[in-house]
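1. predicted model and sequence follow; I will ask about them next.
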Amino acid sequence: MTDATHTPSDGPMLTADGIPLKKSLQIALRRQKLRALVLIAPLLLFVLISFIAPIADMLFRSVENDIVSQTLPRTVIALQDWDYDDGKAAAPEKEVFAALYVDLSEAEEFKTHTRLGSRLNYETTGMSSLLRKTGRGLRRMGTSIYTEQFEALDPKWVEPAVWVVLMEQPGVATALPETASAWDSWKRIVANKGDLLAEEQPDDFIYTTLYRDLANQPATAIAAYTGAEAGLLMAADSAVDGFETVSLKDQFIKMDEDWASPQVWGTVKAFSSPYTAGYFLASVDLKQTPAGIEQQPENQKVYMLLFGRTMFMSVVIMGSCILLGYPIAYLLSNLPLRTSNLLLILVLLPFWTSLLVRTSAWKVLLQQQGVINDILVWLGLVSDGDRLVMINNQFGTIVAMTHILLPFMILPLYSVMKTIPQTYVRAAKSLGATDWTAFWRVYFPQSVPGIGAGSILVFILSIGYYITPELVGGTTGTFISNRIAYHISSSLNWGLAAALGTILLAVVLLLYWVYDRIVGIDNVSLG
Amino acid sequence: MKFKLATLLCGAALATTGVHAQDVKMADTLTLVSWGGAYQKSQIAAYSEPYQAMHPDLKIVWDESSAEAVAKLRAMNEAGNITWDLVDVVAADAIRLCDEGLAMEFDADELLLPATDGTPASEDFGDLLVSDCFIPQIVYSTTFGYRTDMVGDTPPTNICDVFDLEKYPGKRSLEKRPINNMEWALLCDGVAKADVYDVLETEEGQARALAKLDTIKDEVVWWSAGADTPQLLADGEVVMGSTYNGRLFSVIEEQKQPVAMLWDAQVFDLDGWIIPAGLPAEHQARVEDFVKFATDTQRLADQAKYISYGPARNSSAPLVGKHADLGIDMAPHMPTDPANATNTFLYNYTWWADYRDDLDAKFQAWLAQ
């Protein structure tokens, strides 16, 4: 007998097959847990893929900024030595412009330069057209003179096959670093066009980098290269000193004088890292400038105001939902079942009507030539000249949203109140409590979990609402969500929209935590 | 004569169809995206129904998502699954889609048919080809309409009457964005038409435009949907308001409301097609075939039978006839009609592409104050 070999006092208890009981139990439990996990796995995966992952992806956009370093990789590196110096700096050296020329030559093929323009235009006005214009002008930079001079030197230079052989040699990247890097771009361009590398004469920018390499690299570096076409290269190296040249810097500045502006280069440099806090700063009315973080000018501060307004109005809407919903829920739960069912349907009926229809109905009711104003004028309560302004402002938004969100308050309240036995109130009264005391000391505390649940629902729904405020909010009744919607669908500034959304999410979680500390989340019930 | 032209063009379109059929088989579905409402109806009647008649096996699907087209196309592109074949957008959006690489670039003379007299498409559309990705369909304008019964005996004739609260008291509706409003404000603050964008480029100019708008801010109802102003005018909620001229046409001529047009300083804008970049070859062939047909001289002129927007081709203008249901002459209702176009303003696309983000932030902050 296995259990006879151990006394219970000095060793672990064992099961029949000699495994300690604790371990055996753990195994059994683990198996059970695994089975449970497998059972919920489809749901878990579904939630993960269709809900958590997209949200995480969207939130990630609020810091993502790799477009600059991906579109202008060489420029970003060349720009490292340049300092903005509070706007007093001169435009960068010609090396930066040469890097920019190669980067843009590739970007122009993939249309990423305009995308970069839209991105940087969020930070500095004018970047969009600067990059679009530059993309168009890239062919007229005058760099074809390098191509022509290399061709005049030796017609082999315009043979695609010669280039392919040369650039595939092992030592060529050390001898011609810029050309090798530009050649990688050229390979991608040709592949994107669906052409063959061996049939396409390289673009002017390849000849430009070749010239730069031959002119800048020490003769020994070129001589050290001994692979195929070394003779061709040596001949060119000794000839380039006599080449006619063109200044890329001058060409860029001639195309648009903004290329001489430190502001432009400062923006490129400030946003060259793959992650940025810029969107979050913009969300709280700050901005990242080449000189550092600054306050947004007074006439552009809008987000903090809107966050504050969103919170304030959501609280007001929540409060008015409690005030209106509590008596209704109380009535519903205390009436005989038949009547209360009928009333419940009346509560739910608007819930099933289209949101737009309900919002438009409020327009008809509240506008200056609307039903309510007409009745007031007819009753003589207001004169025809000064009809009340009840819509396209905060008041209109609060009224319409209270109406729309009311069922979310009534339903949890109702289901909680249903469970409160009427005998408690009766008992309180029989012990001498007045109606008010019986309600306030006995009934109300038991309905608090319903208020909690309803308030959380209404508050969270209302801070993310945007259709109703958009339609009836005018200028003073719009929410932060209207700005988020604008940046998602109109301005396409998804990074800023993501940052605003992240902040909103964080605020909700924070408030939830505060609520948990004050009221206790266990004290919330949906019935 | 018109019939002959149409058959001729149909023949031409069929001929090109034949050429394409040899290259790539054309997809048998076509998903078109437009704005819904009366505008989409005019496109269905003028473009897709005749095309459907020529290709009975084709399944044409209409989507009404143009208002969110830019964002949706970007999302589709990121997901790598483009489900739209042809998308109707305003020119400014076409420029942005082109900038983002989401719309296909094309050569106008290759993709589009020449005019009936042989003028190449690039000349027939002329300046309206504002982007390498944009196929213009119509010229529309944003202009003001006013209640004839609420303005007394002297109806407004000048754009600056919008800013004159003494002469025309009451609410006015303006679009909830800086575009157009800033330009009108400067025009009425004494800036010459040619200098508007130069002034608006400066901080002082922007402040000046907002200051001018400030004078009527309390009396403005801000709209964001094109249907708002017509509704507000019909309800008598506003004395005057800006919207698209086609919307006003339907309020005035179809619904017979006491509303009239104030054409002064109307802002011309363009609407047209873009082809999403990266379509599968079959869809590409189909959509190119459809676009060839739907943007020929006759088809563009036909659209004006249903809605009061001017056709984008020069050669279509003489073919504009009467309204299909009302039987009234459409030419006098076109924004491009000489009588309406005595004082027009041309929306500067490239300028707004740069300044939109900046001015929008300022405008929103101003609104929220």
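-> Ah, there it is.
2. hey, C-alpha coordinates of stretch A:397-413 in CSV?
-> Coordinates of each C-alpha in stretch A:397-413 appear next as CSV, following Å, rounded to 0.1, in the frame of the first residue of the first chain:
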residue,chain,number,x,y,z
THR,A,397,-27.7,68.9,-27.5
ILE,A,398,-28.6,68.2,-23.9
VAL,A,399,-32.3,67.8,-24.6
ALA,A,400,-31.9,65.6,-27.6
MET,A,401,-29.2,63.4,-26.0
THR,A,402,-31.1,63.0,-22.7
HIS,A,403,-34.0,61.8,-24.7
ILE,A,404,-31.9,59.4,-26.7
LEU,A,405,-30.0,58.0,-23.7
LEU,A,406,-32.9,57.8,-21.3
PRO,A,407,-33.7,54.1,-21.9
PHE,A,408,-30.2,53.2,-20.9
MET,A,409,-30.9,54.8,-17.5
ILE,A,410,-34.5,53.5,-17.1
LEU,A,411,-33.8,49.8,-17.9
PRO,A,412,-31.0,49.1,-15.3
LEU,A,413,-33.0,51.1,-12.7
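3. quick one: distance of that stretch to the chain centre.
-> 29 Å (CA atoms, centre = their mean, to the nearest Å).
4. and for stretch B:275-287?
-> Per CA atoms, centre = their mean, the displacement of stretch B:275-287 from the mean C-alpha position of its chain is 24 Å.
5. how about the residues of the stretch 251-369 of chain B by chain A?
-> Within the stretch 251-369 of chain B, the positions near chain A by CB under 8 Å from any CB of the partner chain are B:350, B:353-358, B:360-362, B:364-368. From N, CA and C alone the C-beta is placed, and that goes for glycine too.
6. of those, which belong to helices?
-> Helix and strand membership here follows DSSP state H; of those, those in helices are B:350, B:353-358, B:360-362, B:364-368.
7. any of the residues you listed buried? List them.
-> The neighbour-count test (16 or more other CB atoms under 10 Å in any protein chain shown) applied to these identifies B:350, B:353-358, B:360-362, B:364-368 as buried.
8. any idea how the chain splits into domains?
-> Picked chain A for this. Per automatic domain parsing, the domain ranges recorded for chain A read A:2-60, A:69-139+A:248-298, A:143-242, A:303-523.
9. try chain B instead
-> If the domains of chain B are taken from automatic domain parsing, they occupy B:2-139+B:270-331, B:142-269+B:334-368, with pieces of a single domain joined by a plus sign.
10. indicate which one of these is closest to residue A:452.
-> Closest to residue A:452 of the domains of chain B is domain B:142-269+B:334-368 (CB to CB; 32.3 Å).
11. quick one: mean pLDDT over that closest one.
-> Averaging pLDDT along domain B:142-269+B:334-368 yields 93.
12. can you mark which positions in stretch A:165-182 are buried?
-> Of all the residues in stretch A:165-182, those buried under the rule 16+ other CB under 10 Å are A:166-167, A:169, A:172, A:175-182.
13. same check, this time on stretch A:281-297
-> The neighbour-count criterion (16+ other CB under 10 Å) identifies A:281-283, A:285-290, A:296 as the buried residues of stretch A:281-297.
14. chain B contacts on the stretch 201-350 of chain A?
-> If contact is defined as CB under 8 Å from any CB, the residues of the stretch 201-350 of chain A in contact with chain B are A:299-302, A:305-306, A:309.
15. try it again with 10 Å
-> By CB under 10 Å from any CB of the partner chain, the residues of the stretch 201-350 of chain A that approach chain B are A:282, A:285, A:296-303, A:305-306, A:309.
16. could you check whether stretch B:28-37 is close to chain A?
-> No: under the criterion of CB under 10 Å from any CB, chain A is not reached by stretch B:28-37; the shortest gap measures 13.7 Å.
17. was I right about residue B:106 contacting residue B:292?
-> No: counting by CB atoms under 10 Å, no contact exists between residue B:106 and residue B:292, whose distance comes to 11.2 Å.
18. neighbour count winner among these two?
-> Comparing residue B:106 with residue B:292 by neighbour count (other CB atoms under 10 Å in any protein chain shown), the higher total belongs to residue B:292, at 21 against 18.
19. name the SS class of residue A:525, please.
-> Reducing the assignment at residue A:525 to three states with DSSP: H, G, I helix; E, B strand; the rest coil gives coil.
20. say whether chain B is contacted by the one helix or strand residue A:104 maps to.
-> Taking DSSP states H and E as the criterion, residue A:104 maps to helix A:94-110. Yes: for helix A:94-110 and chain B, the contact criterion (CB under 10 Å from any CB) is met by residue A:110.
21. from the contact counts, what lies against that helix?
-> Where contact means 3 or more CB pairs under 10 Å, 6 or more residues apart in numbering or on different chains; DSSP states H and E, helix A:94-110 is packed against helix A:67-71, helix A:73-78, helix A:112-121, helix A:127-137, helix A:177-193, helix A:204-216, helix A:248-255, helix A:262-270.
22. could you redo the last one with a cut-off of 6 Å?
-> With contacts defined as 3 or more CB pairs under 6 Å, 6 or more residues apart in numbering or on different chains; DSSP states H and E, the packing partners of helix A:94-110 are helix A:73-78, helix A:177-193, helix A:204-216, helix A:248-255.
23. take the shortest one, keep the C-alpha atoms, and write them as PDB.
-> Put plainly, it is helix A:73-78. Coordinates of each C-alpha in helix A:73-78 appear next as PDB, following Å, rounded to 0.1, in the frame of the first residue of the first chain:
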ATOM      1  CA  PRO A  73      16.100  57.900 -45.200                       C
ATOM      2  CA  ARG A  74      19.200  59.500 -46.600                       C
ATOM      3  CA  THR A  75      18.100  63.000 -45.900                       C
ATOM      4  CA  VAL A  76      17.300  62.200 -42.300                       C
ATOM      5  CA  ILE A  77      20.800  60.900 -41.700                       C
ATOM      6  CA  ALA A  78      22.400  63.700 -43.600                       C
END
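24. which outside residues touch that helix?
-> A:69, A:95-96, A:99-100, A:102-103, A:272 (CB atoms under 6 Å, 6 or more residues apart in numbering or on different chains).
25. next, the buried residues of that helix.
-> The neighbour-count check on helix A:73-78 (16+ other CB under 10 Å) flags A:73-76, A:78 as buried.
26. also stretch A:224-239?
-> Going by neighbour count (16+ other CB under 10 Å), the buried part of stretch A:224-239 is A:225, A:229-230, A:232-233, A:236-237.
27. the buried residues of helix A:73-78: which two are farthest apart?
-> Among those, the pair separated by the greatest distance (CB to CB) is A:73 and A:78, at 9.8 Å.
28. make JSON lines out of the domains of chain B and add distance to residue A:189.
-> Formatted as JSON lines, the entries for these read as follows, by distance: least, CB to CB, whole Å:
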{"stretch": "domain B:2-139+B:270-331", "distance to residue A:189": "14"}
{"stretch": "domain B:142-269+B:334-368", "distance to residue A:189": "26"}
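29. neighbouring contacts of the helix holding residue A:104?
-> With contact meaning CB under 6 Å, 6+ apart, helix A:94-110 is reached by A:71-72, A:74-75, A:78-79, A:113, A:135, A:138, A:182, A:185, A:189, A:192, A:205, A:212, A:248-249, A:252.
30. swap the cut-off to 7 Å and go again
-> Defining contact as CB atoms under 7 Å, 6 or more residues apart in numbering or on different chains, one finds that helix A:94-110 is touched by A:71-75, A:78-79, A:82, A:113, A:116, A:134-135, A:138, A:141, A:182, A:185, A:188-189, A:192, A:203, A:205, A:208-209, A:212, A:247-249, A:252.
31. tell me, what residue is most central in chain B?
-> For chain B, the residue nearest the mean C-alpha position is residue B:271 (3.5 Å; CA atoms, centre = their mean).
32. what strand or helix carries that one?
-> Mapping residue B:271 onto the secondary structure by DSSP H and E places it in strand B:259-274.
33. partners of that strand in the sheet?
-> Sheet pairing for strand B:259-274, assigned by DSSP bridges, gives strand B:86-90 (antiparallel), strand B:135-147 (antiparallel), strand B:344-346 (parallel).
34. following the second one, which helix or strand comes up?
-> Elements were assigned by DSSP H and E; along the chain past strand B:135-147, the next helix or strand is strand B:172-175.
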